[in-house]
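Participant: Have a look at this prediction, sequence included:
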Amino acid sequence: MKLTVKAVRASEAAHILRRALGPVRAWDKALDEMRRDDEAHYLGLRLEPYGRRRDRTGYPRPVYLLDNVIEFIRQAREAAPHPVNSGHVQIFEVEIDTAITCPWQALTLTTKPSSTVH
């Protein structure tokens, strides 16, 4: 079954995490560690990309589903209280197929026109 869901690039996911959880980690590095190392985590929690999308340079980059990022924040706040800040991030829509069960590196996603949330 195909769905259209909101997604963000890795840099935007790191920005959301920093705004929601604070500078307790270098979130871009933490996400990179979680992508590369199966043992890496934050408070026992892992956030992994759903798939990848080609950027302006043509290279595939990791894409995180916004719902997964928000759920990670919710679980992290339950594990340890953090300051809450708001921020501006670019959210875009991608089509996903819930029947496909392969590693995120193998999923190339198609992007719908992007929108900015302020």
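Facilitator: Yep, it's here.

Participant: drop to CA atoms for contacts and neighbour counts, all remaining ones
Facilitator: Will do.

Participant: so how many other residues sit close to the nearest residue to residue 27 once chain neighbours are set aside?
Facilitator: Using CA to CA, 6 or more residues apart in numbering and skipping residues adjacent in sequence, the residue nearest residue 27 is residue 14, 4.9 Å away. By the criterion of other CA atoms under 10 Å, residue 14 has 21 neighbours.

Participant: swap in residue 68?
Facilitator: The tally of other residues near residue 68 (other CA under 10 Å) stands at 16.

Participant: pretty sure residue 58 is in a helix, no?
Facilitator: No - counting by DSSP: H, G, I helix; E, B strand; the rest coil, residue 58 is located in no helix; its state is coil.

Participant: phi, psi of it?
Facilitator: phi 100, psi 0 (degrees, to the nearest 10).

Participant: show me the contacts for the residue nearest to the spatial centre of the chain.
Facilitator: The centre of the chain sits closest to residue 64, judged by CA atoms, centre = their mean, with a distance of 2.9 Å. Residue 64 sits next to 7-10, 13, 48-51 when contact means CA atoms under 8 Å, 6 or more residues apart in numbering.

Participant: That one - nearest residue in space that isn't next to it in sequence?
Facilitator: Nearest one to residue 64, counting by CA to CA, 6+ apart, is residue 49 at 4.4 Å.

Participant: So the closest residue to residue 110 other than its chain neighbours, which state does it fall into?
Facilitator: Distance criterion CA to CA, 6+ apart; nearest residue to residue 110, sequence neighbours excluded, is residue 94 at 5.7 Å. Assigned by three-state DSSP, the conformation of residue 94 is strand.

Participant: List the contacts of residue 94.
Facilitator: 4-7, 109-112.

Participant: and residue 59, what pLDDT?
Facilitator: According to the prediction, residue 59 has pLDDT 92.
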